[in-house]
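Engineer: prediction below, plus the sequence it came from.
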Amino acid sequence: MLELTPRNYHREVELSGGQVLICIHDTGKQPPQGLEQLCEPRVKCCALDARRYEEMAKSLRVLGLPSAIVLEKGKIVQRIHGERSPQELARILDLD
């Protein structure tokens with residue numbers, strides 16, 4: 001899963017033509033394994049380490065970890081709080 005940084009965020013999220021799912025996690029934790037296979041090509045999956053890139057997490061108004069945010073054309077359209085399995089996330093995104 002692509003790890004977002006301040007350097008690639010604009011290109012990977014804001015310039016993306018479709019939906020982008022950002023899984024926001026804590027340092028040492030990983031986003032749900034196998035999520036990309038369930039989401040792509042309809043939804044681009046990215047990860048954000050909220051501790052390492054605290055300012056990015058603040059700008060997205062992340063309130064707790066883990067969380068996920070769905071964006072379209074750089075705008076937040078959905079927030080998902082708490083730990084979820086890849087299947088649950090796919091179901092929430094109506095991908096199953």
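Structural biologist: Yep, that arrived. The structure displayed is predicted, hence computed values, not measured ones.
Engineer: list the contacts of the nearest residue to residue 70 once chain neighbours are set aside.
Structural biologist: In space, and not counting its chain neighbours, residue 70 is closest to residue 78: 4.0 Å by Cβ to Cβ, 6 or more residues apart in numbering. All C-beta atoms are positioned from the backbone trio N, CA, C, and that covers glycine. Contacts of residue 78 were listed using Cβ atoms under 8 Å, 6 or more residues apart in numbering, and they are 69, 70, 92.
Engineer: list only those of those residues flagged as buried.
Structural biologist: Using 16 or more other Cβ atoms under 10 Å as the burial test, the contacts of residue 78 include 69, 70 as buried.
Engineer: pick out whichever of the contacts of residue 78 sits closest to residue 35.
Structural biologist: Within the contacts of residue 78, the smallest distance to residue 35 is 11.5 Å, found for residue 92 (Cβ to Cβ).
Engineer: nearest residue to the closest one other than its sequence neighbours?
Structural biologist: For residue 92, ignoring the flanking residues on the chain, the nearest one in space by Cβ to Cβ, 6+ apart is residue 80 at 6.0 Å.
Engineer: quick one, helices of the chain?
Structural biologist: In order along the chain, the chain carries the following helices (DSSP state H): 9, 35-39, 54-59, 86-92.
Engineer: spatially central residue in the chain, please.
Structural biologist: Ranked by distance to the mean C-alpha position of the chain (Cα atoms, centre = their mean), the top residue is residue 22 at 0.8 Å.
Engineer: from residue 28, how far off is that residue?
Structural biologist: The span separating residue 22 from residue 28 equals 18 Å under the rule Cβ to Cβ, to the nearest Å.
Engineer: same thing with residue 5?
Structural biologist: For residue 5, the distance to residue 28 equals 17 Å [Cβ to Cβ].
Engineer: of the two, which one has the most company?
Structural biologist: residue 5 (13 against 7; other Cβ atoms under 10 Å).
Engineer: check contacts around the residue nearest to that one when sequence neighbours are not counted.
Structural biologist: Taking Cβ to Cβ, 6+ apart as the measure, residue 5 lies nearest to residue 53, with 6.5 Å between them; neighbours along the chain are not counted. Taking Cβ under 8 Å, 6+ apart, we find residue 53 in contact with 4, 5, 6.
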